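Novice: Below are the sequence and a predicted model for it; my questions follow.
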Amino acid sequence: MNDTSWQPEPVPAGPAYDALVGPHTRPMPIVPDAAGRDFDDREARDRGAAADGGPLFRADTPPQEPMPSPPPTPPSPAPQDASPPPQKKRAGRDLRAAIGVGVGLGAVIFASLFIVKAVFVGVVVVAVVVGLWELTSRLQEKKGIKAPLVPLAIGGAAMVIAGYVRGAEGAWVAMALTALAVLVWRMTEPPEDYLKDVTAGVFAAFYVPFLATFVAMLLTADDGPQRVVTFLVLTVVSDTGAYAVGWRFGKTRLAPRISPGKTREGLFGAVAFAMGAGALCMEFLIDGGVWWQGLVLGLAVAVSATLGDLGESMIKRDLGIKDMGTLLPGHGGIMDRLDSLLPTAPVVWLLLALFVGTG
């Protein structure tokens, strides 16, 4: 059969055929191209499918919207150790300024001690007056307590001088007169808070100038400068030993509610350092002193200095302050340096009087 005589089979039409095969499956006419090859008129088919309103193949279905992809899972953090890395301990103060101020104060004290005793008494008076000013100022600022400064300053200076001139008897008389002056001075103001103010005033008179009077009384002996040096050296060595040992080995807190920085290990360091220094001072500085007396003296100084420091910390915690003042860079105020010295002075005076007398 000749291919050119081949004719396409007529496509049946009519509703019967449509009902049998459906409108979308009706075959499209086959048209030969220029080379004589047959091809499907796909464009006609596509137009017919579009006219009928449906897709021709499944591939022609409209694309579906892509499903939203889940958010990326954040990378899990690297495991960390349960315990933080150890931090380097710090002193908490400007050590250079503290050392410089300490050396300067020491030079003034030692120069006044061994040149003219009266000059050292004047240094004690100045320290007492400044300490009273710091204490009364903080009481008024933080608690509204108005302890009268004028009678306290005058009475405090008189107390130190009376102790140097007349001994313990003169100190007690001056203390009584100072308390009376506080009571009378406060009467010039309204009666509200009178009891609170005069109580604070009497406390300040006892805490600062009366305890400082024992330093002046140490100076009245023949070896008075050596006794004062022993008192200062033992107190400073006790504080230094507590700081050094506590900073290096301190783990168990001594009084966390009062002073969290103090440890039992630091107290042992204070006792050891002070006892060693006490034995040396009694043996080489005090006339008639024996080394074992220095051990007892050093132990007592370590305990009294620690209690004095804790007492001052108790006052500052009640007032809500860190330092009593800012007069001494690296140290705070005068009262921040007198805290361990004040309660230690009567202890040293009493033990030296028992061991070698007051002459």
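Specialist: Good, I have the coordinates.

Novice: what's the burial count for Ala118?
Specialist: 11 (other Cβ atoms under 10 Å). Heads up, the C-betas are built off the backbone N, CA and C, glycines and all.

Novice: Helices of the stretch 251-359 of the chain, start to end?
Specialist: 264-284, 291-319, 334-338, 341-356 (DSSP state H, counting those that start in this stretch).

Novice: tell me what the first one is packed against?
Specialist: Under the contact criterion of 3 or more Cβ pairs under 8 Å, 6 or more residues apart in numbering; DSSP states H and E, helix 264-284 touches helix 224-249, strand 253-255, helix 291-319.

Novice: quick one: buried residues of the longest one?
Specialist: When burial is assessed from 16 or more other Cβ atoms under 10 Å, helix 291-319 yields the following buried residues: 293-306, 308-313, 315-316, 319.

Novice: thinking again about what came up before, kindly reformat the helices of the stretch 251-359 of the chain as JSON lines containing mean pLDDT and distance to Phe231.
Specialist: Shown next, in JSON lines, are these (pLDDT from 0 to 100; distance: least, Cβ to Cβ, whole Å):
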{"stretch": "helix 264-284", "mean pLDDT": "96", "distance to Phe231": "9"}
{"stretch": "helix 291-319", "mean pLDDT": "96", "distance to Phe231": "8"}
{"stretch": "helix 334-338", "mean pLDDT": "91", "distance to Phe231": "13"}
{"stretch": "helix 341-356", "mean pLDDT": "97", "distance to Phe231": "4"}
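
Novice: Of those, which is nearest Ala212?
Specialist: Nearest to Ala212 among the helices of the stretch 251-359 of the chain is helix 341-356; the distance by Cβ to Cβ comes to 6.2 Å.

Novice: could you give the angle of that closest one to helix 224-249?
Specialist: Interaxial angle, helix 341-356 versus helix 224-249 (axes from the mean of the first three to the mean of the last three Cα atoms, to 10 degrees): 120 degrees.

Novice: my read: Ala274 touches Thr306, true?
Specialist: No. Counting by Cβ atoms under 8 Å, Ala274 sits too far from Thr306 to count as a contact (10.0 Å).

Novice: list the residues that contact both of the two?
Specialist: Ser238 (Cβ atoms under 8 Å, 6 or more residues apart in numbering).

Novice: Next, work out how far apart Asp239 and Gly359 are.
Specialist: As judged by Cβ to Cβ, to the nearest Å, Asp239 and Gly359 stand 30 Å apart.

Novice: can you check Arg264 too?
Specialist: Counting by Cβ to Cβ, the gap from Arg264 to Gly359 is 39 Å.

Novice: quick one: which of these two has more around it?
Specialist: Comparing Arg264 with Gly359 by other Cβ under 10 Å, the one with more neighbours is Arg264, at 14 against 10.

Novice: so who does Thr178 touch?
Specialist: Contacts of Thr178 (Cβ under 8 Å, 6+ apart): 151-152, 154-156, 158-159, 205, 209.

Novice: In JSON lines: those, plus secondary structure.
Specialist: Formatted as JSON lines, these follow (DSSP: H, G, I helix; E, B strand; the rest coil):
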{"residue": "Pro151", "secondary structure": "helix"}
{"residue": "Leu152", "secondary structure": "helix"}
{"residue": "Ile154", "secondary structure": "helix"}
{"residue": "Gly155", "secondary structure": "helix"}
{"residue": "Gly156", "secondary structure": "helix"}
{"residue": "Ala158", "secondary structure": "helix"}
{"residue": "Met159", "secondary structure": "helix"}
{"residue": "Ala205", "secondary structure": "helix"}
{"residue": "Pro209", "secondary structure": "helix"}
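
Novice: ChimeraX command for the buried members of those residues?
Specialist: Applying 16+ other Cβ under 10 Å to those, the buried members can be selected in ChimeraX as follows:
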select :151,152,155,156,158,159,205,209
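
Novice: which one of the contacts of Thr178 sits closest to Val126?
Specialist: Gly156 (10.7 Å).

Novice: Need the pLDDT of the residue lying closest to that closest one once chain neighbours are set aside.
Specialist: Spatially, and ignoring its direct neighbours in sequence, Gly156 is nearest to Pro209 (3.2 Å; Cβ to Cβ, 6 or more residues apart in numbering). As predicted, Pro209 sits at a pLDDT of 97.

Novice: Show me what the helix or strand containing Leu132 is packed against.
Specialist: Applying DSSP states H and E as the criterion places Leu132 in helix 117-143. With contacts defined as 3+ Cβ pairs under 8 Å, 6+ apart, the packing partners of helix 117-143 are helix 95-115, helix 149-186, helix 194-205, helix 211-218, helix 224-249, helix 291-319, helix 334-338.

Novice: Sounds good, over and out.
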